[in-house]
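>>> whatever this is, show me its structure:
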Amino acid sequence: MAVVRILGIDPGTQCVGFAVLELAISAPRRPGAAAPLALRASNVRAVGAMAGGDAQVVECGVLRLGTRKTPLAARLFELTGRFRDLVLAHRPDEVALEEAFYGKSVQAALRIGEARGVILAESARAGVEVHQFPPARVKRCVTGRGDATKDVVAGMVARLVRMPAGAEMLPRDATDAIGIALTRLEERRSPLLDRELG
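Predicted coordinates for the structure are as follows:
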């Protein structure tokens, strides 16, 4: 029995959600294998269909990088060091990262993209593979609905994984990061992925 450890990241330039999840699996995956097209196209069954409670949150929370008044370069530099510390402390097998999306503001999407760049570069430095997921796919995987609210996602992740004490008070950035990590865990356990890696 092997244990896989996934570091989920909900990126931002002021507050970054993170979650370290562990799951025991029957056999290790072949490194570097891409997910089948069906999975990348978001045809993933809901996590709710899995046996609940077998994934465990090792640690989760938020990295606070500064306020809007803090220069962006300083916040990105802070993220570089804090993310590197997370990787060194937890030695994840993989990083699961939310993709950038255009929401209310192009400027906000660009800022998230800059934070994602830091995560991608630091993951590459550490030799950790990154898997990226659109926000709607994460919501669909965790709740069954691509338009679920952050509160609905938070409620579902609390039911699907073994949470640390005090988890009911977690910030939504942290519960989003758990959902992102869960999406990758569920992708790893897909029968379609087993067939491709066979």
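>>> what does Leu76 show for phi and psi?
Torsion angles at Leu76 (phi, psi; degrees, to the nearest 10) stand at phi -70, psi -40.
>>> where does the nearest residue to it once chain neighbours are set aside fall, helix, sheet strand or coil?
The shortest distance from Leu76 to any non-neighbouring residue, by Cβ to Cβ, 6 or more residues apart in numbering, is to Val118 (5.5 Å). (Glycine included, C-beta is placed from N, CA and C.) Here Val118 takes the helix state, with states given by DSSP: H, G, I helix; E, B strand; the rest coil.
>>> check the one 5 residues further on too.
For Ser123, the secondary structure call by three-state DSSP comes out as helix.
>>> just give the number of residues close to it.
Ser123 has 21 neighbours, counted by other Cβ atoms under 10 Å.
>>> these two touch, right, it and Val95?
Yes: Ser123 is within contact range of Val95, at 4.9 Å (criterion: Cβ atoms under 8 Å).
>>> who touches both of these two?
Overlap between the contact sets of Ser123 and Val95, as judged by Cβ atoms under 8 Å, 6 or more residues apart in numbering, is given by Glu129, Val130.
>>> pLDDT weak spots in this protein?
Judged by pLDDT under 70, the chain has its weakly predicted residues at 1, 25-53, 102-104, 164-168, 190-198.
>>> gap between the two ends of stretch 60-71?
Using Cα to Cα, to the nearest Å, the end-to-end distance of stretch 60-71 comes out at 26 Å.
>>> again, but for stretch 163-179
First-to-last distance for stretch 163-179 - Cα to Cα - comes to 12 Å.
>>> same deal with stretch 124-137?
In stretch 124-137, first residue to last residue: 24 Å (Cα to Cα).
>>> how about stretch 138-151?
Looking at stretch 138-151, the gap from its leading to its trailing residue is 14 Å under the measure Cα to Cα.
>>> now that stretch, how far from the centre of its chain.
Relative to its parent chain, stretch 138-151 has a centroid offset of 14 Å by Cα atoms, centre = their mean, to the nearest Å.
>>> with stretch 154-171 instead?
Here the centre of stretch 154-171 is set off from its chain's centre by 15 Å, with Cα atoms, centre = their mean.
>>> what residues sit buried inside it?
Ala154, Met156, Val157, Ala158, Leu160, Val161, Met163, Ala167, Leu170, Pro171 (16 or more other Cβ atoms under 10 Å).
>>> report the buried residues of the helix or strand harbouring Val3.
Assigned by DSSP states H and E, Val3 belongs to strand 2-10. Neighbour-count burial for strand 2-10 flags Val4, Arg5, Ile6, Leu7, Gly8, Ile9, Asp10 (criterion: 16+ other Cβ under 10 Å).
>>> could you do stretch 182-192 as well?
By 16+ other Cβ under 10 Å, the buried positions in stretch 182-192 come out as Leu182, Thr183, Arg184, Leu185, Glu186, Glu187, Arg188, Arg189, Ser190, Leu192.
>>> could you pull out the strands for the protein?
For the chain, the strands defined by DSSP state E occupy 2-10, 15-25, 55-64, 94-98, 129-133, 161-162.
>>> most packed of the ones you listed?
Using mean count of other Cβ atoms under 10 Å, the stretch among the strands of the chain with the largest mean neighbour count is strand 94-98, at a mean of 25.
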